[in-house]
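K.L.:
Sequence and predicted structure are below.
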Amino acid sequence: MSDKEYTPPKVWTWDKESGGRFAAINRPIAGPTHDKELPVGKHPFQLYSLGTPNGQKVTIMFEELLAAGHSGAEYDAWLINIGQGDQFGSGFVAINPNSKIPALLDRSEKKPVRIFESGAILVYLAEKFGAFLPTNRAARAECLSWLFWQMGSAPFLGGGFGHFYAYAPEKYEYPINRYAMEVKRQLDVLDRRLAEVEFIDGNAYSIADMAIWPWYGGVVKSNSYGAAEFLSVHEYKHVNRWAEQIAARPAVQRGRIVNRTQGELSAQLHERHDASDFDTKTQDKIGGQSAAGG
Ligand SMILES: N[C@@H](CCC(=O)N[C@@H](CS)C(=O)NCC(=O)O)C(=O)O
């Protein structure tokens, strides 16, 4: 049926077949669907995630903290396969009642602390280690403004544009037009900002860059949703400059492949339990042991 012909009924009911690519996982209700404890490793931080842009923000932050010498930031990164419904297991829901990756447990505190929402996780880690978030009030406000800009903007990019351009069962002109316009406006916001400053907060590399890069760096440099040409991403030259600069950071190169299950095999490390996992990636570890365990 075309979107033009659709007349909403008086009361919405759940059509289980209507969700396109996400029909199997999207539900109109919250809470767990099954009992499943989460695995726990040896490190202070237990991360339950997947290498999507929201997941990458956190693994990049961990790798940056470790690279900066914060050895207390050692972490186990467990794979949550959202396509198979792992986010609805009882153990995961206990850490994130919203059933979305990433979710983090800090076991180094007297009583373990749970943190969900990628932005909250970045702020928690930045405050805990005193890193990548300015302490000066004005600089901190600028950094948090951009962090929250990302949290509010990316759903239009992923859930709006990406969904209708790449995932919806049919191409509908109205939502693609609407969200393409918004994504291009967002890219222009970033481009104007990055014409003036080297890093997003105008001060230094921070959690604002870490949050924005996986989403908007992905659009301009990694052809997210196969839409680079459609969105003319080459026009945003300052975003391109910044995206390349962030991509060159060794910690970013490590963080972006953790819990990743798509793309080239050499850019997938399904689980991370030790720094050496990055050096010893073998076919087995990439596709075998970790996937089965996660
Ligand atoms: N605002 C949340 C969004 C998290 C989110 O949307 N996660 C997606 C993957 S990128 C997810 O887990 N989806 C599973 C589902 O919707 O069931 C955050 O930034 O942490």
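P.N.:
That came through, no problem.
K.L.:
remind me which residues of the stretch 101-250 of the chain are low pLDDT?
P.N.:
Judged against pLDDT under 70, the stretch 101-250 of the chain has no low-scoring part.
K.L.:
Against Asp15, how distant is the closest residue to the ligand within it?
P.N.:
Using CB to the nearest ligand atom, the closest approach of the stretch 101-250 of the chain to the ligand is made by Ser118 at 3.6 Å. Every C-beta, even on glycine, is put in place using the N, C-alpha and C of the backbone. Separation of Ser118 from Asp15 (CB to CB, to the nearest Å): 30 Å.
K.L.:
Give the burial count for Gln253, as a bare number.
P.N.:
A count of neighbours around Gln253, defined by other CB atoms under 10 Å, yields 14.
K.L.:
what sits against it?
P.N.:
Shown in contact with Gln253 (CB atoms under 8 Å, 6 or more residues apart in numbering): Ala247.
K.L.:
tell me which element it is part of?
P.N.:
helix 250-255 (DSSP states H and E).
K.L.:
Tell me the gap between that helix and the middle of its chain.
P.N.:
Put simply, helix 250-255 sits 14 Å off its chain's centre (CA atoms, centre = their mean, to the nearest Å).
K.L.:
Pull out the buried positions in it.
P.N.:
Ala251, Val252, Arg254, Gly255 (16 or more other CB atoms under 10 Å).
K.L.:
repeat for stretch 186-198
P.N.:
Gln186, Leu187, Leu190, Asp191, Arg193, Leu194.
K.L.:
nearest spatial neighbour of the fifth one, skipping sequence neighbours?
P.N.:
Using CB to CB, 6 or more residues apart in numbering and skipping residues adjacent in sequence, the residue nearest Arg193 is Ile200, 6.7 Å away.
K.L.:
ditto for the third one
P.N.:
Taking CB to CB, 6+ apart as the measure, Leu190 lies nearest to Val239, with 5.0 Å between them; neighbours along the chain are not counted.
K.L.:
give me the number of residues near Tyr124?
P.N.:
16.
K.L.:
oh sorry, the question was meant for Ile60
P.N.:
26.
K.L.:
in what helix or strand does it lie?
P.N.:
Residue-wise, Ile60 maps onto helix 53-67 under DSSP H and E.
K.L.:
what's the answer for Leu144, then?
P.N.:
Going by DSSP H and E, Leu144 is in helix 137-155.
K.L.:
Need the residues that contact the helix or strand following that helix.
P.N.:
Remark: after helix 137-155, the chain's next helix or strand is helix 173-196, criterion DSSP H and E. For helix 173-196, the surrounding residues in contact (CB under 8 Å, 6+ apart) are 3, 146, 149, 153, 156-157, 160-161, 164-165, 168, 200, 202, 212, 216, 219-220, 230-233, 235-239, 241-242.
K.L.:
Keeping just the C-alphas, turn helix 173-196 into CSV.
P.N.:
Taking Å, rounded to 0.1, in the frame of the first residue of the first chain, the C-alpha atoms of helix 173-196 are listed here in CSV:
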residue,chain,number,x,y,z
GLU,A,173,9.2,10.2,-1.3
TYR,A,174,7.8,12.2,1.6
PRO,A,175,9.9,10.9,4.5
ILE,A,176,13.0,10.6,2.4
ASN,A,177,12.7,14.2,1.3
ARG,A,178,11.9,15.4,4.8
TYR,A,179,14.8,13.6,6.5
ALA,A,180,17.3,14.2,3.7
MET,A,181,16.6,18.0,4.2
GLU,A,182,17.2,17.7,7.9
VAL,A,183,20.4,15.6,7.6
LYS,A,184,21.8,18.1,5.1
ARG,A,185,20.9,20.9,7.5
GLN,A,186,22.7,19.0,10.4
LEU,A,187,25.7,18.5,8.2
ASP,A,188,25.8,22.2,7.4
VAL,A,189,25.6,23.0,11.2
LEU,A,190,28.6,20.9,11.7
ASP,A,191,30.4,22.2,8.6
ARG,A,192,30.0,25.8,9.8
ARG,A,193,31.2,24.9,13.3
LEU,A,194,34.2,23.0,12.0
ALA,A,195,35.2,25.8,9.7
GLU,A,196,35.9,27.8,12.8
